[in-house]
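**Student:** Sequence below, structure please.
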Amino acid sequence: MNLLALVGRLFLGFLGTLGQIGTFTGAALSHCMAPPIYFSIIGRHMLNIGYFSLPVVGMTALFTGMVLALQIYVGSSRFDAEGAVATIVVIGITRELGPVLGGLMVAGRVSAAMAAELGTMRVTEQIDALTTLSTNPFKYLVAPRLIAATVVLPMLVAVADTIGVFGGYIIGTEKLGFNSATYIKNTLDFMEPIDVISGLVKAAVFGFIIALMGCYHGYNSQGGAQGVGRATTNAVVSASVLILVANLIITELFFTR
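**Tutor:** Residues are numbered from 1 along each chain as shown. I've put the predicted structure just below:
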């Protein structure tokens, strides 16, 4: 009976958390669509999320493309299909690895920062002060972050896709001995618009998830410095897990016949 009670408490707690996240999401979306919209704050967050995340995302994409080309060449050589390297690299990067790895890297950097910032504001009563000054915290703190992350992450992933494919090109031509013109031709011939579009749609959804989890855990943190630390950890973990879940769902929607 104690075991059943424990399972019941965990399940009810899980349902309660889902309800809180759903309520928070609904309130955040309503404030994203209604005026006033703080464009200057959105621009600042776009700069922070996109531009300052570019080095880590670019390095991740570059080395991922290089490693992917090497692995595909080794695997395909067993079946005398080395010519498929360029095709698989571009499809793998644009459909999956670009948006997923980019999202995870941004989640580790941005979601944690958002949770820490809002968590500190919560425990130091700055959010309560905004309410006292007749400023809606959702409108001023949450909505600009959601809009900025949703808009800027597809741009970031588009750059990451280009860098990742270029990394595969470098390995393919400089180390594996592929002809440069042939490699580029195979890349362009077999890449379809749906490959790029699906990756950018994933990136927009991932950006929304990253900002939502960072804002949710930071906004609802409590317990002083330890609470802020828990909020930061929970934001990164939940954002990463939800990115992988959303990736499966979106892939099913785009590519399941």
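
**Student:** quick one: the helices in the stretch 101-250 of the chain?
**Tutor:** Listed in chain order, the helices of the stretch 101-250 of the chain (DSSP state H, counting those that start in this stretch) span 112-123, 126-132, 137, 143-174, 180-190, 193-219, 224-255.

**Student:** Throw the ones you listed into a markdown table and include mean pLDDT, mean neighbour count and distance to Glu96, thanks.
**Tutor:** (Glycine included, C-beta is placed from N, CA and C.) Shown next, in a markdown table, are the helices of the stretch 101-250 of the chain (pLDDT from 0 to 100; neighbours: other Cβ atoms under 10 Å; distance: least, Cβ to Cβ, whole Å):
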| stretch | mean pLDDT | mean neighbour count | distance to Glu96 |
| --- | --- | --- | --- |
| helix 112-123 | 89 | 22 | 24 |
| helix 126-132 | 84 | 13 | 38 |
| helix 137 | 84 | 20 | 36 |
| helix 143-174 | 92 | 23 | 11 |
| helix 180-190 | 85 | 14 | 16 |
| helix 193-219 | 92 | 23 | 8 |
| helix 224-255 | 89 | 17 | 7 |
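
**Student:** could you dump these to a markdown table with distance to Glu82?
**Tutor:** What follows is these, written out as a markdown table (distance: least, Cβ to Cβ, whole Å):
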| stretch | distance to Glu82 |
| --- | --- |
| helix 112-123 | 41 |
| helix 126-132 | 58 |
| helix 137 | 57 |
| helix 143-174 | 10 |
| helix 180-190 | 11 |
| helix 193-219 | 21 |
| helix 224-255 | 25 |
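
**Student:** Nearest to Gly26, out of the ones you listed?
**Tutor:** Across those, Gly26 has its closest neighbour in helix 193-219 (11.2 Å, Cβ to Cβ).

**Student:** Just want the angle from that closest one to helix 224-255.
**Tutor:** Counting by axes from the mean of the first three to the mean of the last three Cα atoms, to 10 degrees, helix 193-219 lies at 160 degrees to helix 224-255.

**Student:** Report the inter-axis angle for helix 193-219 versus helix 112-123.
**Tutor:** Taking the same axes, to 10 degrees, one finds helix 193-219 and helix 112-123 inclined to each other by 30 degrees.

**Student:** starting at the chain centroid, how far to helix 193-219?
**Tutor:** How far helix 193-219 lies from its chain's middle: 5 Å, per Cα atoms, centre = their mean, to the nearest Å.

**Student:** Show me what it is packed against.
**Tutor:** Applying 3 or more Cβ pairs under 8 Å, 6 or more residues apart in numbering; DSSP states H and E, one finds that helix 193-219 contacts helix 2-33, helix 98-106, helix 112-123, helix 143-174, helix 224-255.

**Student:** chain center to the second one, what's the gap?
**Tutor:** It refers to helix 98-106. Offset of helix 98-106 from its chain centre (Cα atoms, centre = their mean): 5 Å.

**Student:** for the fourth one, same thing?
**Tutor:** With Cα atoms, centre = their mean as the basis, the distance from the averaged C-alpha position of helix 143-174 to the chain average is 11 Å.
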